[in-house]
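**Student:** compute the structure for the input listed below.
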Amino acid sequence: MKGPSPRIAVFPGSFDPFTLGHEHIARQALPLFDHLIIAIGVNTTKSRFLFTPQQRKEMIAEVFTDTPQVSVKTFQGLTVEFCRQHHARFIIRGVRNALDWDYEQEIALANRQLAPDIRTIFLAPDAEVGHIRSTIVREIAAAGGNITPFVPHPVALQLKNMTKKTKNTGK
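**Tutor:** Model prediction:
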């Protein structure tokens, strides 16, 4: 007799950089699933990235070294196709406000039309991290501000190193 299939979810995003808000959403999802794949996708609407996909993958993996049910992968193409390839039936999305809801709901409905067997689950962050956006973190880092309240430690170290290099080279 075959046992139940594992509940696998995909938490997709560009994660440039991965923030405490992203970590919070991922950790909220953990009790709901047997395995969570944090999937770093190539976003065709974004032309510039702070970190390469490999750098992001390494930083996120370091954040979750204590969590064996989390894996970090990169992908190109449709999220629902990535889900199918990894036997995931759920997509996790964080929703901070009404603007996020409108945007994410449209994507969820399109995904449902493409893959009716894959469901999107929306999770809201706690107030302490609900305001954090990768864009704001990049701006604070570029201005030499303190990013430690916004990102996990491994990401903060990489951002600080990047800022030092930029200051030293003048780029």
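**Student:** can you report how many residues lie near residue 120?
**Tutor:** Residue 120 has 19 neighbouring residues, counting by other CB atoms under 10 Å. To be clear about C-beta, it is placed using only N, CA and C from the backbone, and glycine gets the same treatment.
**Student:** state the distance from residue 71 to residue 7.
**Tutor:** For residue 71, the distance to residue 7 equals 14 Å [CB to CB, to the nearest Å].
**Student:** ok, the two, which is more surrounded?
**Tutor:** Each of residue 71 and residue 7 has its neighbours counted (other CB under 10 Å); residue 71 has more, 17 against 13.
**Student:** quick one, grab the pLDDT at that one.
**Tutor:** Looking at residue 71, its pLDDT stands at 98.
**Student:** which residue packs closest to it, ignoring adjacent ones?
**Tutor:** residue 37 (5.3 Å; CB to CB, 6 or more residues apart in numbering).
**Student:** looking at this, the one you found is in a strand?
**Tutor:** Yes - per DSSP: H, G, I helix; E, B strand; the rest coil, residue 37 lies within a strand segment.
**Student:** partners of it in the sheet?
**Tutor:** When bridges are called by DSSP bridges, residue 37 pairs up with residue 10, residue 71.
**Student:** can you pull the contacts of it?
**Tutor:** 8, 9, 10, 11, 70, 71, 72, 73, 86, 88 (CB atoms under 8 Å, 6 or more residues apart in numbering).
**Student:** let's have those residues in a markdown table, adding distance to residue 22.
**Tutor:** Compiled in a markdown table, the contacts of residue 37 are given as follows (distance: CB to CB, whole Å):
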| residue | distance to residue 22 |
| --- | --- |
| 8 | 19 |
| 9 | 14 |
| 10 | 14 |
| 11 | 8 |
| 70 | 12 |
| 71 | 15 |
| 72 | 11 |
| 73 | 15 |
| 86 | 19 |
| 88 | 18 |
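**Student:** before I go, just wanted to say thanks for your time.
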